[in-house]
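S.K.: coords please:
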Amino acid sequence: MTAEVLPALRAKVRAAAHPSAEACACGTDTSVLADRPDGTVVRHGRTVAKAHAPGTDRAGLTARLAVAAHPALDGILLPPHGPRTAELDGRPVTFWSYGTPVDRDDPDAAPWEEAATLLARLHRTPDTVLPPGLPPMRGPAKAARAVARLLAAGPHPAADPVLRAWAVLPAWARDESPMPENLRALCHGDLHLGQLVRSGNGEWLLIDIDDLGRGDPAWDLARPAAWFACGLLPPDEWSRFLTAYRQAGGTAVPADSDPWPALDVPARALSVQTAAQAIAKSVAAGRPLDEVETSVIDACDRMAAHPPELAPDFAT
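M.R.: Have a look, this model is predicted:
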């Protein structure tokens, strides 16, 4: 966000935090929680304002806000402060309560079970709750954008296995055709531990509705599944996550049989997305790939050699 616009967003969050006061009397600074091309988030006291990306689909955002505010999603999604949006430099602005994020410095306390339980509850949301204008979940579209960014970054020696792994995926996973109807449920679309916060009453909630929509619920399990397959997530943590999801009645995988036929394609797509982003970022920063990034690219090389219908597990 430009330096000229950020002060205006700070002013909006202060006004939202003190709607009846002429000036802020709480002595709280306004802090920037995130500032990326896809959204800028600032906090004042217990109130958070998010300026969404330029070009955001307004009707889609309105439908997503309606879902987050629906009583059926109480205790699952952090609700917005009302269904309306403000405007800032052509970008919609939404307001939320502040929640305590996951502690990145304490990986042993990562709320894998809580994340899995929230996902299972989200995936069981009745169709009657979902407004007619709710867009598709944006997971496949984000993966496709990551690959486009990789191509725009120019030639790179690590790009070939990533592009080959992308090419063997079905068209719907590359955002090139409609997702099959039997894969449609309410999905978060970009699940990782950074999308959980602990609310004021101590419960964990999912945040960030920008990718929320109908889609394949396995996509919400795909990032931890891909991390596990690439050796980045320890087996016990993956087991905790998957077990909690099943115990909570999650619909993305069978309750008592091999989950990989359902997870394989989404996990492959998330691996490609992660690898493509890593290469593009390394090119932009003029730095070599690190060990973690290289491990994901190596997984893409294995995936490319064994298309989904031939090898449902690319961990080895």
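
S.K.: in the chain, where is pLDDT below threshold?
M.R.: The chain contains residues with pLDDT under 70 at 1-4, 21-23, 25, 27-28, 182-183, 310-316.

S.K.: give me the residue at the spatial middle of it.
M.R.: Nearest to the geometric centre of the chain sits residue 190, at 1.7 Å (CA atoms, centre = their mean).

S.K.: tell me the contacts of it?
M.R.: By CB atoms under 8 Å, 6 or more residues apart in numbering, the contact list for residue 190 reads 138, 139, 142, 208, 210, 211. For glycine as for every other residue, the C-beta is placed from the backbone atoms N, C-alpha and C.

S.K.: among these, which are located in helices?
M.R.: With helices taken from DSSP state H, the overlap with the contacts of residue 190 comprises 139, 142.

S.K.: relative to residue 79, which of the contacts of residue 190 is nearest.
M.R.: Ranked by distance to residue 79 (CB to CB), the contacts of residue 190 are led by residue 208 at 13.2 Å.

S.K.: ok, and the closest non-adjacent residue to that closest one?
M.R.: residue 195 (5.2 Å; CB to CB, 6 or more residues apart in numbering).

S.K.: can you confirm the residue nearest to the centre of the chain is in a helix?
M.R.: No. Read with DSSP: H, G, I helix; E, B strand; the rest coil, residue 190 is coil and lies in no helix.

S.K.: phi first, then psi, for it.
M.R.: phi -150, psi 60 (degrees, to the nearest 10).

S.K.: do the same with residue 294
M.R.: On the backbone of residue 294 - angles per degrees, to the nearest 10 - the values are phi -60, psi -40.

S.K.: what is the burial count for it?
M.R.: Neighbourhood size, residue 294 [other CB atoms under 10 Å]: 14.

S.K.: tell me how far it lies from residue 37.
M.R.: 25 Å (CB to CB, to the nearest Å).

S.K.: quick revisit: and the residue nearest to residue 208, what does it touch?
M.R.: For residue 195, the contact set (CB under 8 Å, 6+ apart) comprises 188, 206, 207, 208.

S.K.: likewise residue 77?
M.R.: Going by CB under 8 Å, 6+ apart, residue 77 touches 67, 68, 122, 205, 206, 207, 209, 212.

S.K.: return the closest of those with respect to residue 221.
M.R.: When those are compared for distance to residue 221 (CB to CB), residue 122 wins out at 11.6 Å.
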